[in-house]
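# fold the stuff below for me.
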Amino acid sequence: MRGSKGRTWTGNQAHRTFLADGFLAGIWELTESGDTATLTVRPFDPLTRAVRDALGAEAERTLTLMSAASRHDIRFADA
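Take a look at the predicted model:
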């Protein structure tokens, strides 16, 4: 979580964040293009396989709730 405030806020706008093991671990964004919704996870530090798998499952549930797109894509950016 080193110096995460600058990465979680732009001016007075907060970005969407996620927790891993109870700690602020990164940001995520949802974009839609045509019939595809993409949720991109941008961790602050490298993620363990277990955390990445759990985030992937949560991202799929989030896409189902937030987008009516017929296709869902989940991407993990490098830390």
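# which pLDDT value goes with the closest residue to Asp45 other than its chain neighbours?
Spatial nearest neighbour of Asp45, chain neighbours left out: Ala79 (5.1 Å); criterion: CB to CB, 6 or more residues apart in numbering. Yep, even glycine has a C-beta here, placed from its N, CA and C like the rest. Note on Ala79: pLDDT of 84.
# from Gly11, how far out is Ala79?
24 Å (CB to CB, to the nearest Å).
# mind jotting down where the strands sit in this protein?
9-10, 13-14, 17-20, 23-33, 36-43, 71-76 (DSSP state E).
# what does the second one rub up against?
Looking back up the chat, that one is strand 13-14. Contacts of strand 13-14 with the rest of the structure, by CB atoms under 8 Å, 6 or more residues apart in numbering, involve Thr8.
# any chance of the strands of the chain in a markdown table with mean pLDDT as columns?
Rendered in a markdown table, the data for the strands of the chain read as follows (pLDDT from 0 to 100):
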| stretch | mean pLDDT |
| --- | --- |
| strand 9-10 | 72 |
| strand 13-14 | 74 |
| strand 17-20 | 93 |
| strand 23-33 | 93 |
| strand 36-43 | 96 |
| strand 71-76 | 96 |
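# and those, which is most packed in?
strand 36-43 (a mean of 18; mean count of other CB atoms under 10 Å).
# next, the angle from it to strand 23-33.
Strand 36-43 runs at 160 degrees relative to strand 23-33, counting by axes from the mean of the first three to the mean of the last three CA atoms, to 10 degrees.
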